[in-house]
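**Student:** Compute the structure for the input listed below.
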Amino acid sequence: MAKVKTVFSCQECGYQSAKWLGKCPDCQQWNSFSEEEAVKPSKAGAKSIQGREGRPKTIGEIEHESVQRYATRIGEFDRVMGGGVTVGSLTLIGGEPGIGKSTLLMEVCGKLLAEQSDCKILYVSGEESESQVASRSKRLGVENSNFYIYNETSWQRIIEQVKELKPKFLVLDSIQTTHSNQVESAAGTLSQIREVTYELMSYAKAYGLTCFVIGHVTKEGQIAGPKILEHMVDTVIYFEGDQLGQYRMLRVMKNRFGNTNEVGIFEMRETGLREISNPSQYFLEQSLPGSYGRSLTCILEGSRSLFVEIQALVVENKFAVGRRTTQGLDSNRVALLVAVIDKYLALPLSYNDIYVNVVGGMKLSTRENDLSVIASLLSSYFQHPIESDTIFLGEVGLTGEVRSVPMMEIRLKEITQMNYRRVITSKRAADDFRGKFKLDIVGISKASELKELLFKTT
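**Tutor:** Here you go, the predicted model:
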């Protein structure tokens, strides 16, 4: 009997080696190699997408196809998807275990069945039994006769049922548990994910099948498996949130049919997910009035302006090295702002223990909140509260200067509508927009001016 030839493949980037390696020389990841059967190249040549004419065309020969969408009537989901679910698209949804990915797609299926009464939906589950999926379906009120549940992990059997039922929508839960008999390797490996995703994409594009695929995530929060999975699909969205909390955020990372910066906010309840119509109220509703160490800022998530609260706690250090703990902010960025306070405000802040938190579980990656972080730190240090009708907008540089933030007019319009009265920002932005809004816009050129502006009596 001939010996089966195997190869070691990196599960992160696809690099192949004849022997096992502890560290991938291509992507520098440790312990990412797994043994798979070597796939021989087919003599028939590369596969082509079904139903496509195999020749290059000029721009004049290509007919314009308007994008057709299905509205789910779930406002937060439709916003993230760019206005609805695009026909024939492939959407990948990732998130931590138990965060509510299956619940979200089950509710989407229920809305689509209500809007498209003549369509069929096939829900393929490779992790849960049919009775478990049916129990969740009934709990969420999805009991339509056109909703089909199938417990299977073999891709060949799944595609047979798809061809027989001819559904308009397919949910695959999850891609890591689905395997093809064309590849001799375990489910979830590089070869299996690549093969199944390619076959699914080819069929979906050829026959207009709209697909939702659930993907597992690693401990770093990324979709498990090779990056090729995210490159092949049309839309990649992450379902985020604290499992111990009730709020969830739907964030889009890639969208070929819409904005890539949108976010949808839901509240997890026993009866399912509920949309949050006023996200700013969700982030600010539990604030304790008159407390110090807190300030407000306005961030942009796609086309939406959100108001978030940044809290800071400065405590006298009892040990040699000051402690830095952050939640929702980059700890290196906070350390930089503390150094700016030490240098230009002449305050020995770095000798204290410092804790900074973004209320509501938001993760801020931009620098538009620098001024708000400094204001919260000063408020906690001086034990002096900041008025709750004040918004801080500005980026702070290493020389202590305050810079303007983009999309300032959109933020100021939302600030005015939310009845805030005062905005502290850069001097340049204040000069450009002063008098255009019913706001007291205060401009400062240096972060050191915050000390006298906010704590005159201190």
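**Student:** For the residue nearest to N369 when sequence neighbours are not counted, list each beta-bridge partner.
**Tutor:** Nearest non-adjacent residue to N369, counting by CB to CB, 6 or more residues apart in numbering: T297, 4.5 Å away. (Glycine included, C-beta is placed from N, CA and C.) Applying DSSP bridges to T297 gives these bridge partners: V308.
**Student:** Relative to D234, how far out is T297?
**Tutor:** For T297, the distance to D234 equals 33 Å [CB to CB, to the nearest Å].
**Student:** Of those two, give the one with the bigger neighbour count.
**Tutor:** T297 (25 against 18; other CB atoms under 10 Å).
**Student:** just checking, the more buried one touches R367?
**Tutor:** No: if you go by CB atoms under 8 Å, T297 and R367 don't touch, sitting 11.0 Å apart.
**Student:** show me the residues around the residue nearest to N369 that make contact.
**Tutor:** Residues near T297 by CB atoms under 8 Å, 6 or more residues apart in numbering: F307, V308, I310, E368, N369, L371, S372, I391, F392, L393.
**Student:** Just those residues: which are in strands?
**Tutor:** Mapping these onto strands (DSSP state E) picks out F307, V308, I310, I391, F392.
**Student:** for these, which one is nearest L412?
**Tutor:** Closest to L412 out of the ones in strands among the contacts of T297 is I391 (9.2 Å), distances taken as CB to CB.
**Student:** Now do the helix or strand encompassing K138: everything it contacts.
**Tutor:** In the assignment (DSSP states H and E), K138 maps to helix 130-139. Under the criterion CB under 8 Å, 6+ apart, residues S102, T103, M106, Y123, S125, E143, F147, I149, Y150, N151, T271, G272 lie in contact with helix 130-139.
**Student:** Phi and psi next, for the first one.
**Tutor:** I take that to be S102. The phi/psi pair for S102 (degrees, to the nearest 10) reads phi -70, psi -40.
**Student:** thought it was touching D173?
**Tutor:** Yes: with contact defined as CB under 8 Å, S102 counts as touching D173 (6.0 Å).
**Student:** Common neighbours of those two, please.
**Tutor:** Common neighbours of S102 and D173 are listed as E128, I214 (criterion: CB under 8 Å, 6+ apart).
**Student:** Point to the helix or strand of this protein where mean pLDDT is at its lowest.
**Tutor:** helix 279-284 (a mean of 64; mean pLDDT, DSSP states H and E).
**Student:** roughly how far apart are L371 and V196?
**Tutor:** Distance, L371 to V196, by CB to CB: 48 Å.
**Student:** Comparing the two, which residue is more hemmed in?
**Tutor:** Neighbours were counted for L371 and for V196 using other CB under 10 Å; L371 has more, 27 against 24.
**Student:** Contact partners for the more buried one?
**Tutor:** Applying CB under 8 Å, 6+ apart, the residues contacting L371 are T297, F392, L393, G394, E395, V396, V402, I424, T425, A447, L450.
**Student:** Give me the local confidence score for the nearest residue to Q29 once chain neighbours are set aside.
**Tutor:** Once flanking residues are discounted, Q29 sits nearest to E12: 4.7 Å by CB to CB, 6+ apart. Listed pLDDT for E12 reads 73.
**Student:** Could you give the number of residues near E12?
**Tutor:** By other CB under 10 Å, 21 other residues sit near E12.
**Student:** Could I get the full set of helices for this protein?
**Tutor:** Along the chain, counting by DSSP state H, helices occupy 75-80, 101-115, 130-139, 155-165, 190-207, 228-232, 279-284, 331-344, 370-382, 408-417, 427-433, 449-454.
**Student:** Of all those, which one is nearest W20?
**Tutor:** So among the helices of the chain, helix 190-207 is nearest, using CB to CB, at 14.6 Å.
**Student:** before we move on, back to that, so which of the helices of the chain comes closest to F266?
**Tutor:** helix 75-80 (6.2 Å).
**Student:** Now that closest one - C-alpha only, PDB.
**Tutor:** Only the C-alpha atoms of helix 75-80 are listed here, as PDB (Å, rounded to 0.1, in the frame of the first residue of the first chain):
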ATOM      1  CA  GLY A  75     -32.900  48.700  11.900                       C
ATOM      2  CA  GLU A  76     -29.600  48.100  13.600                       C
ATOM      3  CA  PHE A  77     -28.800  45.100  11.400                       C
ATOM      4  CA  ASP A  78     -29.900  46.700   8.200                       C
ATOM      5  CA  ARG A  79     -27.700  49.700   8.900                       C
ATOM      6  CA  VAL A  80     -24.600  47.600   9.500                       C
END
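**Student:** Is the most centrally placed residue in the chain bridged to anything, and to what?
**Tutor:** Computing the C-alpha centroid of the chain and ranking residues by CA atoms, centre = their mean puts R251 first, at 3.1 Å. With DSSP bridges as the criterion, R251 is bridged to Y238, V263.
**Student:** Would you mind measuring from it to G241?
**Tutor:** Between R251 and G241 the distance is 10 Å, computed by CB to CB.
**Student:** May I have the distance across stretch 322-336, first residue to last?
**Tutor:** Using CA to CA, to the nearest Å, one end of stretch 322-336 lies 14 Å from the other.
**Student:** Buried residues of it, list them for me.
**Tutor:** Judged by neighbour count (16 or more other CB atoms under 10 Å), stretch 322-336 contains these buried residues: G322, T326, G328, L329, R333, V334, L336.
**Student:** So V405 sits against F392, correct?
**Tutor:** No: counting by CB under 8 Å, V405 does not reach F392; the two are 10.4 Å apart.
**Student:** more neighbours, the two?
**Tutor:** Taking neighbours as other CB under 10 Å, V405 and F392 compare with F392 leading, 26 against 23.
**Student:** Which pLDDT value belongs to that one?
**Tutor:** 95.
**Student:** Looks like it contacts I424 (just checking).
**Tutor:** Yes: counting by CB under 8 Å, I424 is a contact partner of F392 at 5.2 Å.
**Student:** what sits in contact with each of these two?
**Tutor:** Among the neighbours of F392, those also in contact with I424 (CB under 8 Å, 6+ apart) are L371, A375.
**Student:** just to revisit the earlier point, in TSV: the contacts of T297, plus distance to W20.
**Tutor:** TSV is the format used below for these (distance: CB to CB, whole Å):
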residue	distance to W20
F307	52
V308	46
I310	47
E368	46
N369	45
L371	51
S372	49
I391	55
F392	53
L393	53
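**Student:** which of the residues you listed has the most neighbours?
**Tutor:** Sorting these by how many neighbours each has (other CB under 10 Å) puts N369 first, at 30 neighbours.
**Student:** what about I386, how many neighbours?
**Tutor:** When neighbours are defined as other CB under 10 Å, I386 has 22 of them.
**Student:** cool, the one 3 residues further on as well?
**Tutor:** Residue crowding around D389 was assessed by other CB under 10 Å; the count is 14.
**Student:** Please apply the same query to S376.
**Tutor:** 27.
**Student:** Also E65?
**Tutor:** Here the count is done by other CB under 10 Å, and E65 has 7 residues near it.
**Student:** And for L347?
**Tutor:** L347 has 19 nearby residues by other CB under 10 Å.
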